[in-house]
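**Q** Quick check, what structure comes out for this input:
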Amino acid sequence: MTKPAQTTLRLTPRRQIILEILRERGHLDAYGLLELARRKDPRISLATVYRALAYFRERNLIQGRSFGEGRSHFEVHDAGTGAHAHFVCTRCGKVREVKGKFIRDMEALAQRERFRVTGAHLDLFGLCGDCAAR
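**A** Model prediction:
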């Protein structure tokens, strides 16, 4: 898996807020991130969120993922987390991160096959428990 580049970050108070929210919550789009950030600093604007996201992406600290609904969801690169998959609800849009043995099995298979994995993602689409119950 690709690792984030080591670089010095200039964290303004607002960037710090945005990064903390992404570390705590992950899988947020810019509007969801704005909503949570404004709870900590009501003066944060959507432009500030977009600039912070661009800043973090340029430094390979976060990645954006699209789950088919026309917007990006962001999560922090975390060397401890490693590869993972997502369950994506096609009704409500909830995204749940999934870690499991199958990811480690695929990494081991790649190693046995002498295949150097530089990135991976697996997204499983369906209905979350709440939406399936309706």
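
**Q** did I read that right, residue 57 in a helix?
**A** Yes: looking at residue 57 with DSSP: H, G, I helix; E, B strand; the rest coil, it is inside a helix.

**Q** Assign the spatially most central residue of the chain to helix, strand or coil.
**A** Centroid-nearest residue in the chain, with CA atoms, centre = their mean: residue 75, separated by 2.0 Å. On the three-state scheme (three-state DSSP), residue 75 is labelled strand.

**Q** OK, contacts around it?
**A** Residue 75 makes contact with 22, 26-27, 62-63, 65, 97, according to CB atoms under 8 Å, 6 or more residues apart in numbering. (Each C-beta comes from the backbone N, C-alpha and C, glycine too.)

**Q** Dump those residues into TSV; add secondary structure and distance to residue 56 as well.
**A** Output for the contacts of residue 75, formatted as TSV (DSSP: H, G, I helix; E, B strand; the rest coil; distance: CB to CB, whole Å):
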residue	secondary structure	distance to residue 56
22	helix	8
26	coil	13
27	coil	15
62	strand	4
63	strand	9
65	strand	14
97	strand	18
